[in-house]
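Visitor: predicted coordinates and the sequence they were generated for:
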Amino acid sequence: MRPSSQPPLDAVNPLTFTEEIVLLALDDQSGAALHLPVTALSYGLAGAVLADLAVAGKIDTDAARLTILDPSPTGDPLLDPWLALIAAENKVHSVAYWLSVLSDRRAEIESPALDRLLARGILRRQDKKILWVIGLRRYPTIDGHERTEVRTRLGQLILGEDLPDPRDAMLISLLRGCHLTDHIFDGPEFTTREPRLATLAKMDLVGREVATATSAAIIALSTAMNASVPHM
Amino acid sequence: MEIAESVSQDVPFLVLRGRLDGLAAPALETKLAALVSSGSTRLVFDCSGLEYASSAGLRVFLSAAKKLKTTGGRCAFAALSPPLREIFSISGFLEVLEIHETVESATA
């Protein structure tokens, strides 16, 4: 039985950004993690936590700083440890700073979100052995409704000219920031819509900062790899 | 932040002054909800005195524009102050929202 402090997992309790990013980062069929650039999902999940806290009215952001609006708990155990962490900090920091801090705690963000998706009946856990020894855990989909619904809704936004509501703008921005849009919107109809996707992705600051942090990590890795190759 | 309500050519407009941050956003949301529930289908924001909008403030703007567009209405942003224009530019809002140089052109 779930502790009474946890919210009910039903239709009136929609997925958080954190759950949506975790769900969409898994392959539909196999339940394996999609291949993303280094640290992209870590920053994506960190951004999702900040987006959830922003929508809950707990934090606010601008280009220079992240500020606490209300340090009282949300009641959601996926979010409250991170709200407490940010609220306990004496100094005011930027969004980029908090993305860096939270991205280092990826497992602590991802694991409870996966558990929540299991409890909702959206995913199931599947443990396999490769060569009878190496453990392999995957999360195939049981109920694909949520995933299909978000893909359809966001896909229509990208292909059309409608204004997004703030939540959809935040989600598109996060998904593009951590390169998940490359996997989710990969049909030929999306190839000419890159400018539209770029415009939508600019609309949320946290998503933009996720994109910046991910790009910086990719460049740093590339530079390190080039430096390690002996020059002829 | 100060919010003053007025009407120009039968179109309600809100004059915003100061800083639209996470603390000020709920008051603007309440004001907008009242306007929409009173049947307003057009709305203009006079942003000449608005010096700053945080992410929470931008979400209120986007939400208002989306709600009015969904009901067949229009929402316009007029006379953006230089700092707000910069924030709108970085956020892509200049590309997706109805922007006017003056309140008069927005209410025409």
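Guide: Structure received.

Visitor: contact partners for the residue in chain A that chain B sits nearest to?
Guide: Going by C-beta to the nearest C-beta, chain B is nearest to A:D60 of chain A, at 3.1 Å. From N, CA and C alone the C-beta is placed, and that goes for glycine too. A:D60 makes contacts with A:54, A:66-67, A:69, B:21-23, B:54-56, as judged by C-beta atoms under 8 Å, 6 or more residues apart in numbering or on different chains.

Visitor: tell me the bridge partners for B:E98.
Guide: B:E98 has these beta-bridge partners by DSSP bridges: B:A76.

Visitor: quick one: pLDDT of it?
Guide: B:E98 is assigned 97 on the pLDDT scale.

Visitor: ok, the residue nearest to A:L174 when sequence neighbours are not counted - contacts?
Guide: Excluding its sequence neighbours, the residue lying closest to A:L174 (C-beta to C-beta, 6 or more residues apart in numbering or on different chains) is A:G207, at 4.7 Å. By C-beta under 8 Å, 6+ apart, the contact set of A:G207 is A:47, A:51, A:170, A:172-177, A:201.

Visitor: could you do B:V15 as well?
Guide: Applying C-beta under 8 Å, 6+ apart to B:V15 gives the contacts B:2-6, B:46, B:48-49.

Visitor: what's the answer for A:V95, then?
Guide: Counting by C-beta under 8 Å, 6+ apart, A:V95 has contacts A:50, A:61, A:65-66, A:205-206, A:209.

Visitor: next one: A:G177
Guide: A:43-44, A:47, A:201, A:207-211, A:214.

Visitor: how deep is residue 106 tucked in, by neighbour count?
Guide: With no chain named, the answer covers chain A. 16 (other C-beta atoms under 10 Å in any protein chain shown).

Visitor: that was the other one, I meant chain B.
Guide: 25.

Visitor: work out for me the element it sits within.
Guide: helix B:103-107 (DSSP states H and E).

Visitor: and for A:A216?
Guide: Take DSSP H and E as the rule and A:A216 turns out to sit in helix A:205-228.

Visitor: buried sites along that helix?
Guide: A:205-211, A:213-214, A:217 (16 or more other C-beta atoms under 10 Å in any protein chain shown).

Visitor: got it, and stretch A:65-72?
Guide: A:66-70.

Visitor: who touches A:I184 in this structure?
Guide: Contact partners of A:I184, counting by C-beta under 8 Å, 6+ apart, are A:24, A:151, A:154, A:175.

Visitor: how about B:G39?
Guide: No contacts exist for B:G39 under C-beta under 8 Å, 6+ apart.

Visitor: what segments of chain A are helices?
Guide: A:17-24, A:40-55, A:80-87, A:95-103, A:106-119, A:145-159, A:166-177, A:181-184, A:194-201, A:205-228 (DSSP state H).

Visitor: tell me the most buried of the ones you listed?
Guide: helix A:40-55 (a mean of 28; mean count of other C-beta atoms under 10 Å in any protein chain shown).

Visitor: next, the angle from it to helix A:80-87.
Guide: If you take axes from the mean of the first three to the mean of the last three C-alpha atoms, to 10 degrees, helix A:40-55 sits at 80 degrees to helix A:80-87.

Visitor: how far is helix A:40-55 from where the chain is centred?
Guide: Remark: helix A:40-55 is offset 5 Å from the chain centroid, using C-alpha atoms, centre = their mean, to the nearest Å.

Visitor: could you do stretch A:55-66 as well?
Guide: Distance, stretch centre to chain centre, for stretch A:55-66: 17 Å (C-alpha atoms, centre = their mean).

Visitor: tell me the secondary structure at B:S6.
Guide: strand (DSSP: H, G, I helix; E, B strand; the rest coil).

Visitor: list the contacts of it.
Guide: Counted by C-beta under 8 Å, 6+ apart, B:S6 has contacts B:12-15.

Visitor: from A:L99, how far off is it?
Guide: 41 Å (C-beta to C-beta, to the nearest Å).

Visitor: contacting residues for A:V206?
Guide: A:47, A:50-51, A:54, A:61, A:95, A:99, A:170, A:173-174, B:55.

Visitor: any idea how far it lies from B:S91?
Guide: Counting by C-beta to C-beta, the gap from A:V206 to B:S91 is 12 Å.
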